[in-house]
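A.B. asks: got a predicted structure plus its sequence, pasted below:
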Amino acid sequence: MSNLSGNQKRKMRSLARLYSVQALFQLEHSGQSVDTVYCEFIEHRVGQEIDDGIVMAEGDTGLFYLLINQAVNWQAKIDQMIDHALVAKWPISRIDPTLRALFRSAGAELLECDTPPQVVISEYVNIARSFYPEGKEAKFANAILDHMAHEAKPEAFAN
């Protein structure tokens, strides 16, 4: 990945985030292991034609693995961050499973990476828009992610 331009690296990181949301959704619903889902994505999805000539582009596989692995490792802490951001009496189990996967991936990135919180929020809000182009989910995601970012990295908002 070192020979790629900055733009290509950003695109691959964005794809890794998208794929991590999809993989975390799959993990929650299938009961498979992180390694099983990771291998399935790498071997059977990324770079493969998925629909009428549409090919899943290659993402940053290192970031992809880190996000899904750490989202599982830190799930209790991440879910607590999500819970703190939610309105009282609104349990995490009531959140749409795709958004739950999105919040968990973002939480893993906030906890484990040096990515600026504003970048994490922007990237995952864009993913929410791609899954819900007509809905209010992107605004909801923005609010939850902002709260999570303040909790995970308060020093980034000290000014």
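C.D. replies: Ah, there it is.

A.B. asks: max-length helix in the protein?
C.D. replies: Scanning the chain for the helix with the most residues, using DSSP state H, yields helix 6-30.

A.B. asks: contacts for it?
C.D. replies: Helix 6-30 is contacted by residues 1, 4, 32, 34, 37-38, 41, 45-46, 56-64, 67-68, 71-72, 97-98, 100-102, 104-105, 108-109, 123-124, 126-127, 130-131 when judged by C-beta atoms under 8 Å, 6 or more residues apart in numbering. (Glycine included, C-beta is placed from N, CA and C.)

A.B. asks: would you check that residue 106 makes contact with residue 145?
C.D. replies: Yes - assessed by C-beta atoms under 8 Å, residue 106 is found in contact with residue 145 at 5.6 Å.

A.B. asks: list residues touching both of those two?
C.D. replies: The overlap between the contact sets of residue 106 and residue 145 (C-beta under 8 Å, 6+ apart) consists of 120, 121, 124.

A.B. asks: from residue 32, how far off is the first one?
C.D. replies: Which is residue 120. 26 Å (C-beta to C-beta, to the nearest Å).

A.B. asks: out of the two, which sits in the more crowded spot?
C.D. replies: Between residue 120 and residue 32, residue 120 has the larger neighbour count (other C-beta atoms under 10 Å), namely 24 against 15.

A.B. asks: hang on, isn't that one packed against residue 145?
C.D. replies: Yes - Residue 120 is in contact with residue 145 according to C-beta under 8 Å; the separation is 7.0 Å.

A.B. asks: thinking again about what came up before, I'd like the shared contacts of residue 106 and residue 145 laid out as JSON lines, including pLDDT and distance to residue 157.
C.D. replies: Shown next, in JSON lines, are the shared contacts of residue 106 and residue 145 (pLDDT from 0 to 100; distance: C-beta to C-beta, whole Å):
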{"residue": "120", "pLDDT": "97", "distance to residue 157": "13"}
{"residue": "121", "pLDDT": "98", "distance to residue 157": "11"}
{"residue": "124", "pLDDT": "98", "distance to residue 157": "17"}
